[in-house]
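Student: Just to be clear, the model below is a prediction. Sequence and coordinates:
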Amino acid sequence: MTAETGGKKGERAGEVRCLNCFARFWPARGVSEAACPECGWSWHISWSGEVAKIRKPVWESWERQLAQSSDEG
């Protein structure tokens with residue numbers, strides 16, 4: 001494992017996996033929204049102690065990403 005993924009499995013507290021590109025990232029502790037640094041999609045985040053979980057996409061971000069991809073194609 002690389003330093004980017006945190007090393008050991010026990011060190012993944014607060015880590016989430018983007019549901020668009022599947023990249024792992026660490027949102028800032030306690031935030032309710034975070035964007036994936038790889039693809040830019042934004043997600044609503046919920047917290048249970050130190051454990052973060054993606055709940056749903058931020059729809060405005062999703063619509064913006066789709067509009068940009070259709071403009072490029």
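Tutor: Arrived safely, thanks for sending. In this text the structure is predicted, and so the values were computed from the model without any measurement.

Student: can you tell me the average pLDDT over stretch 39-50?
Tutor: What stretch 39-50 shows for mean pLDDT is 93.

Student: for Arg24, phi and psi?
Tutor: Backbone torsions of Arg24, given as degrees, to the nearest 10, read phi -90, psi 140.

Student: Where do the strands of this protein begin and end?
Tutor: For the chain, the strands defined by DSSP state E cover 16-17, 24-25, 33-35, 42-48, 51-57.

Student: And these: which comes nearest Glu63?
Tutor: strand 51-57 (9.6 Å; Cβ to Cβ). Placement of C-beta: from N, CA and C, glycine included.

Student: quick one on the thing from earlier: export the strands of the chain to TSV and tack on mean neighbour count and distance to Glu63?
Tutor: Shown next, in TSV, are the strands of the chain (neighbours: other Cβ atoms under 10 Å; distance: least, Cβ to Cβ, whole Å):
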stretch	mean neighbour count	distance to Glu63
strand 16-17	16	21
strand 24-25	16	22
strand 33-35	15	14
strand 42-48	16	11
strand 51-57	14	10
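
Student: And those: which comes nearest Arg64?
Tutor: Using Cβ to Cβ, the nearest of the strands of the chain to Arg64 is strand 42-48, at 9.0 Å.

Student: thinking again about what came up before, output the strands of the chain in CSV; the columns should cover distance to Ala67.
Tutor: Below are these laid out as CSV (distance: least, Cβ to Cβ, whole Å):
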stretch, distance to Ala67
strand 16-17, 25
strand 24-25, 23
strand 33-35, 16
strand 42-48, 14
strand 51-57, 14
